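Asks: Sharing a model prediction with you, sequence too.
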Amino acid sequence: DQQVKQNSPSLSVQEGRISILNCDYTNSMFDYFLWYKKYPAEGPTFLISISSIKDKNEDGRFTVFLNKSAKHLSLHIVPSQPGDSAVYFCAVNAGNNRKLIWGLGTSLAVNP
Amino acid sequence: DAGITQSPRYKITETGRQVTLMCHQTWSHSYMFWYRQDLGHGLRLIYYSAAADITDKGEVPDGYVVSRSKTENFPLTLESATRSQTSVYFCASSESGQGNSPLHFGNGTRLTVT
């Protein structure tokens, strides 16, 4: 059973609009959350992270929101650009052993 | 060039053959990891290493062997390749473990076992 779920396999957004990518997790003990971006034929690259002691972290156009009661985090990209078209992975720190659990990814297409 | 490099980028091998995937990083990161990516499974950890001569199993270690004699290298060996090991393999490194600091990934090796 998946402990980290990205329920939308794909998302299409117009350039300049907001992109919202979602991630749900099952275990309230998870304490650190990361987003990675992946272009075709490349490895994932780290985008942004958030600790469970915060509910928001911002870096330029990228903001991650954490709702601990709902066990839900989201990545907002504003404004979206065509270069943001990629697969976005949510990854969760699974506790004391510091292992990461990965979602299956959401493929974002930003249309000009 | 600084970074993490994987070789080869593409490899086709036959069932039963031994194959080694190479990974080299120039940051002197303590931690190195091997992942495989398959449709429907996302990224799954095969093995990781916290330092030279220290390795540990991940989620899917069966059929794989790793070594880390030098900090900068972390080769992954498939001792007797099977079709189920057809996948894209990613090597990664980090300063202090998976959750404490971001992972830096190589560009992957696409392995096909026929």
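Replies: The structure has been received and is ready for your questions. All figures in this text were calculated on a predicted structure; none of them were measured in a lab.
Asks: Could you list the low-confidence segments of chain A?
Replies: A:1, A:95-98 (pLDDT under 70).
Asks: Next up, the contacts around the residue of it found nearest chain B.
Replies: Nearest to chain B in chain A, going by Cβ to the nearest Cβ, is residue A:43, at a distance of 2.9 Å. Heads up, the C-betas are built off the backbone N, CA and C, glycines and all. Neighbouring residues of residue A:43 by Cβ atoms under 8 Å, 6 or more residues apart in numbering or on different chains: B:4, B:90, B:92, B:105, B:106, B:107, B:108.
Asks: Which single one of those is nearest to chain A?
Replies: Using Cβ to the nearest Cβ, these come closest to chain A at residue B:105, 2.9 Å.
Asks: neighbours around residue A:16, how many?
Replies: 11 (other Cβ atoms under 10 Å in any protein chain shown).
Asks: pLDDT score for residue B:3?
Replies: Among the per-residue scores, residue B:3 holds a pLDDT of 93.
Asks: what's the nearest residue to it if we skip its chain neighbours?
Replies: Once flanking residues are discounted, residue B:3 sits nearest to residue B:26: 6.2 Å by Cβ to Cβ, 6 or more residues apart in numbering or on different chains.
Asks: Could I get the full set of strands for chain A?
Replies: According to DSSP state E, chain A carries its strands in the segments A:4-5, A:10-14, A:19-25, A:32-38, A:45-51, A:56-59, A:62-67, A:72-77, A:86-93, A:100-102, A:106-111.
Asks: Could you tell me how many residues sit around residue B:70?
Replies: Count around residue B:70 with other Cβ under 10 Å applied: 10.
Asks: can I assume it sits in a strand?
Replies: No - secondary structure of residue B:70 (DSSP: H, G, I helix; E, B strand; the rest coil): coil, not part of a strand.
Asks: Strands of chain B, start to end?
Replies: Assigned by DSSP E, the strands in chain B fall at B:4-7, B:10-13, B:19-25, B:31-38, B:42-51, B:54-57, B:64-66, B:76-78, B:87-94, B:104-105, B:109-113.
Asks: In a markdown table: the contacts of residue A:43, plus distance to residue B:69.
Replies: Listed next are the contacts of residue A:43 as a markdown table, based on distance: Cβ to Cβ, whole Å:
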| residue | distance to residue B:69 |
| --- | --- |
| B:4 | 17 |
| B:90 | 21 |
| B:92 | 19 |
| B:105 | 22 |
| B:106 | 19 |
| B:107 | 24 |
| B:108 | 23 |
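Asks: Closest one to residue B:12 out of the residues you listed, please.
Replies: Taking Cβ to Cβ as the measure, residue B:12 sits nearest to residue B:108 out of the contacts of residue A:43, at 15.1 Å.
Asks: Residue B:112 versus residue B:61, what's the distance?
Replies: Residue B:61 is 21 Å from residue B:112, where distance means Cβ to Cβ, to the nearest Å.
Asks: quick one on the thing from earlier: closest to residue B:34 out of the strands of chain A?
Replies: Nearest of the strands of chain A (Cβ to Cβ): strand A:100-102, 13.2 Å.
Asks: can you list contacts of that closest one?
Replies: By Cβ under 8 Å, 6+ apart, strand A:100-102 touches A:3-4, A:25, A:30, A:34, A:89-94, B:42-45, B:98-99, B:103.
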